[in-house]
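# no sequence on hand, only this structure:
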């Protein structure tokens with residue numbers, strides 16, 4: 001029996017091997033992709049023009065292989081087309097593309113010919129941004145005007161003489177009318193045009209595009225057209241174009257050498273792959289949606305690389321990543337190299353303690369290497385990025401799989417763990433984080449019925465902020481600076497480093513700034529007159545005053561504008577008051593509801609109301625009411641016209657489903673004594689998963705998804721690979737950030753709001769952050785509080801958070817004393833924070849975007 005158990009037992013380090021092997025596989029896949037195709041197409045222009053697939057059945061989301069498209073609007077086109085000229089020359093297919101292109105540039109302009117009687121005419125329009133848009137009817141591309149434009153002889157129009165784009169389309173008329181010479185005549189004409197473009201000393205336009213001959217649907221052609229127009233001829237013409245523009249590589253070429261240079265012409269063969277037979281009525285001209293998608297492809301080809309190289313980097317087709325500025329590069333190198341360098345310095349002083357030093361510097365090494373990997377993933381083309389696509393079946397399948405994983409890992413203890421105990425709140429944060437991750441990965445924000453409950457989940461995190469910190473400050477009354485520093489450093493260390501290494505805005509990682517702000521509000525509310533916090537009327541009055549003052553501050557927009565203007569002028573901090581106001585007002589009062597519940601729970605425990613003979617009846621009534629509230633909420637949110645309509649209600653009603661869930665989750669001792677290990681694990685690194693997902697699971701600053709295994713068809717496998725790496729790194733960064741917080745803030749007999757001290761003791765409150773509050777005071781099911789001794793036998797192996805919580809950490813880390821070893825002076829927490837704030841102010845002042 002024992003041998004059987006050993007036979008099927010897994011190595012305790014099995015998950016490390018799986019994650020590391022997956023990471024190595026992803027790195028090798030990136031290297032191979034670069035060798036095989038990345039060198040030849042570093043900007044993914046060729047992918048944009050030749051490869052892709054529809055991600056949806058309605059043909060709304062075209063996905064070029066390995067890069068992200070941008071859906072252009074009029075305001076976007078002005079960046080690359082203002083006061084420029086765009087010329088289209090060709091047949092009716094080209095004319096249709098011209099009008100749709102023009103309508104994107106300026107919606108006020110027509111997207112169909114104004115007069116059907118003059119369809120075979122030239123057109124010229126000017127947009128509001130002074131873009132000149134011309135179409136010349138020439139289905140054979142052989143008029144003197146066409147040849148003049150191809151040779152670069154352009155009439156002056158008062159704008160930049162050289163067009164931004166020249167689009168040429170022909171072929172179907174050669175097939176339709178045999179008297180024109182047919183295929184031989186078309187081939188000879190295209191050869192002359194291509195030679196003219198290639199021989200020109202200066203390209204006739206910034207971007208010269210020759211359209212492929214459009215595919216036809218033979219079954220829908222009129223008898224006259226079907227007689228002379230055949231799909232085989234169209235295929236032959238496009239093959240001829242492709243080989244003329246992209247000469248095939250001789251056999252002597254290998255993947256390690258450069259191929260012959262292509263002509264300076266773009267051939268979007270992918271246009272035909274985008275067509276759907278059901279989208280045409282006459283077999284020749286396709287629906288407006290298809291043609292609009294073609295126009296958007298041309299805009300991506302022309303404009304993407306001309307956009308400012310600032311975040312979000314959500315346009316990766318035909319766009320180069322910027323080289324980091326000198327300051328950004330210096331910070332990145334410092335963060336990545338700090339751990340290894342400090343380990344080396346310590347090792348050179350005492351080589352016999354190499355292993356010991358490696359352990360002490362492991363957090364800094366893990367943190368730095370993770371930042372480096374994040375930078376490579378989302379600020380270079382090493383791995384690919386593609387667009388999101390919501391699919392209800394995929395969403396339901398992933399939710400179901402997560403639910404199964406959570407339920408199959410449920411563990412039960414032998415005793416009542418108490419109301420909102422530590423494992424329960426970790427579990428709560430875990431399953432909420434899983435739901436939010438799936439929601440982000442599939443781009444479900446446009447689905448109101450999913451968006452609305454997700455808003456409640458975000459509000460739940462903030463609710464726990466109010467609940468957890470209020471519980472701590474009532475029971476511990478520790479209002480010292482050290483705890484404030486610990487909370488804020490723990491919440492913001494990873495975010496602040498990413499802000500500088502990834503060149504993004506601090507508020508874009510909205511959760512950390514939001515929770516940090518609410519923590520300071522809770523702290524200020526509880527700290528003022530803290531000696532009277534045991535008087536409930538006084539405490540409730542403080543909360544009401546704080547709630548009223550903050551509501552007034554947020555509704556008077558000029559006050560927030562003034563604060564952000566001050567930060568910009570003095571500290572060079574550029575934040576959007578409008579975006580921040582939206583984030584805050586959406587959950588304006590939920591933190592205060594959490595504070596009120598904390599007070600209520602503490603008083604229920606203090607007065608032992610759970611022992612009252614009517615308590616079981618009250619619980620049953622609360623359970624019934626909670627079920628009704630949840631059913632009402634889901635019905636209500638599903639009936640809302642849009643998510644914007646729901647947003648107007650959210651701050652008034654979000655506390656109802658939250659309190660209802662808490663009531664149901666704690667309705668019995670059996671429910672309080674069990675928790676899901678899978679969800680607890682995710683909950684304990686939920687802060688890191690929320691932040692790191694921006695760049696290492698998602699991509700393009702959350703706008704797309706990261707593709708580690710090239711090929712859109714491999715997306716399911718890629719999801720598994722990227723998820724394993726993402727969760728593994730998030731967990732390790734969570735540990736590392738906690739250790740670094742301890743190093744920055746120092747040690748004292750206090751509590752750090754980071755990870756759980758023990759998995760076997762009940763807790764009176766949940767986390768205030770993305771990770772739970774660690775307190776020395778725990779509450780049993782009867783409401784009695786007791787102090788856990790530092791040497792209590794119920795504690796597991798000592799971890800950094802245990803050492804920090806009760807001050808039994810070794811006297812400093814020898815490795816971290818490299819800079820001041822032998823010196824009698826050590827910087828205190830206030831000195832460290834002042835220095836770092838000064839460094840950030842200097843960096844802000846000197847910062848320049850690439």
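Sure, I can see it. Remember, predicted model here, so these are calculated numbers, not experimental data.
# with adjacent residues omitted, what lies nearest to residue 603?
Distances taken as Cβ to Cβ, 6 or more residues apart in numbering place residue 536 nearest to residue 603, at 7.2 Å, with adjacent residues excluded. Backbone N, C-alpha and C define where each C-beta goes, glycine included.
# now for the one you found, how many residues are close by?
12 (other Cβ atoms under 10 Å).
# mind checking pLDDT for it?
Residue 536 is assigned a pLDDT of 94 by the prediction.
# surely it and residue 596 touch.
No. Judged on Cβ atoms under 8 Å, residue 536 makes no contact with residue 596 at a distance of 10.9 Å.
# any idea how far the residue nearest to residue 603 lies from residue 485?
The spacing between residue 536 and residue 485, counted by Cβ to Cβ, to the nearest Å, is 30 Å.
# swap in residue 429?
23 Å.
# same check on residue 421?
Residue 421 is 27 Å from residue 485, by Cβ to Cβ.
# ok, now residue 39?
Residue 39 is 48 Å from residue 485, by Cβ to Cβ.
# the more surrounded of those two?
For the pair residue 39 and residue 485, the greater number of neighbours falls to residue 485 (18 against 14), based on other Cβ under 10 Å.
# now stretch 511-518: average pLDDT?
96.
# give me the neighbour count for residue 647.
So residue 647, with other Cβ under 10 Å, has 16 neighbours.
# distance of the nearest residue to it once chain neighbours are set aside from residue 22?
Nearest residue to residue 647 in three dimensions, chain neighbours excluded: residue 586, at 6.4 Å (Cβ to Cβ, 6+ apart). Residue 586 sits at a distance of 37 Å from residue 22 (criterion: Cβ to Cβ).
# measure the spatially closest residue to residue 96 that is not a sequence neighbour to residue 505 for me?
Counting by Cβ to Cβ, 6+ apart, residue 291 is the residue found nearest to residue 96 once chain neighbours are left out, at 5.3 Å. To residue 505, residue 291 is 37 Å away according to Cβ to Cβ.
# what's the lengthiest helix in the chain packed up against?
What stands out as the longest helix in the chain, according to DSSP state H, is helix 715-745. Applying 3 or more Cβ pairs under 8 Å, 6 or more residues apart in numbering; DSSP states H and E, one finds that helix 715-745 makes contact with helix 14-33, helix 354-379, helix 481-501, helix 677-684, helix 686-696, strand 704-707, helix 800-806, helix 829-846.
# can you tell which of those is closest to residue 185?
Ranking the helices and strands packed on helix 715-745 by proximity to residue 185 (Cβ to Cβ) places helix 14-33 first, at 42.0 Å.
# for the residue sitting nearest the centre point of the chain, give me phi and psi.
For the chain, residue 702 is the residue whose C-alpha lies nearest the centre (Cα atoms, centre = their mean; 1.7 Å). Here is the backbone geometry of residue 702 (degrees, to the nearest 10): phi 80, psi 0.
# before we move on, back to that, give me the more crowded residue out of residue 291 and residue 505.
Shown here are residue 291 and residue 505; by other Cβ under 10 Å, residue 291 has more neighbours (23 against 18).
# next up, the contacts around that one.
96-97, 100 (Cβ atoms under 8 Å, 6 or more residues apart in numbering).
# can you give me the buried ones in the strand or helix carrying it?
Per DSSP states H and E: residue 291 is located in helix 288-303. By neighbour count with 16 or more other Cβ atoms under 10 Å, helix 288-303 contains the buried residues 290-303.
# how many neighbours does the spatially closest residue to residue 200 that is not a sequence neighbour have?
Excluding its sequence neighbours, the residue lying closest to residue 200 (Cβ to Cβ, 6+ apart) is residue 152, at 5.8 Å. For residue 152, the count of nearby residues is 18 (other Cβ under 10 Å).
# helix/strand/coil for residue 152?
coil (DSSP: H, G, I helix; E, B strand; the rest coil).
# run through the stretch 601-750 of the chain and note the low-pLDDT ranges.
747-750 (pLDDT under 70).
# go with 80
746-750 (pLDDT under 80).
# for residue 717, see how far away the closest residue to residue 706 other than its chain neighbours is.
Closest residue to residue 706 apart from its sequence neighbours, by Cβ to Cβ, 6+ apart: residue 699 at 4.2 Å. Residue 699 is 17 Å from residue 717, where distance means Cβ to Cβ.
# how about residue 479?
When residue 479 is compared with residue 717 (using Cβ to Cβ), they lie 52 Å apart.
# same check on residue 642?
35 Å.
# between the helices and strands packed on helix 715-745, which one is nearest to residue 106?
In terms of Cβ to Cβ, the element of the helices and strands packed on helix 715-745 nearest to residue 106 is strand 704-707, at 28.1 Å.
# paired strands for that closest one, with orientation please.
According to DSSP bridges, strand 704-707 forms sheet pairs with strand 384-387 (antiparallel), strand 698-699 (antiparallel).
# can you list the residues that contact that strand?
Contacts of strand 704-707 (Cβ under 8 Å, 6+ apart): 66, 68, 314, 316, 377-378, 383-388, 441, 695-699, 715, 718, 722.
# also stretch 263-273?
45, 48-53, 64, 194, 197-198, 203, 207-212, 214-215, 238, 241-242, 244-246, 294, 297-298, 301.
# burial count for residue 565?
Residue 565, neighbours per other Cβ under 10 Å, totals 12.
# with residue 31 instead?
Residues near residue 31, counting by other Cβ under 10 Å: 12.
# got it, and residue 287?
15.
# just checking, residue 598 touches residue 470?
Yes. Contact status for residue 598 versus residue 470: in contact at 3.9 Å, counting by Cβ under 8 Å.
# look up phi and psi at residue 307.
Torsion angles, degrees, to the nearest 10, at residue 307: phi -70, psi 150.
# tell me the contacts of it?
If you count contacts by Cβ under 8 Å, 6+ apart, then residue 307 has 79-80, 315, 319 around it.
# the same query, at a cut-off of 10 Å, please.
By Cβ atoms under 10 Å, 6 or more residues apart in numbering, residue 307 lies in contact with 70, 76, 79-80, 313-315, 319.
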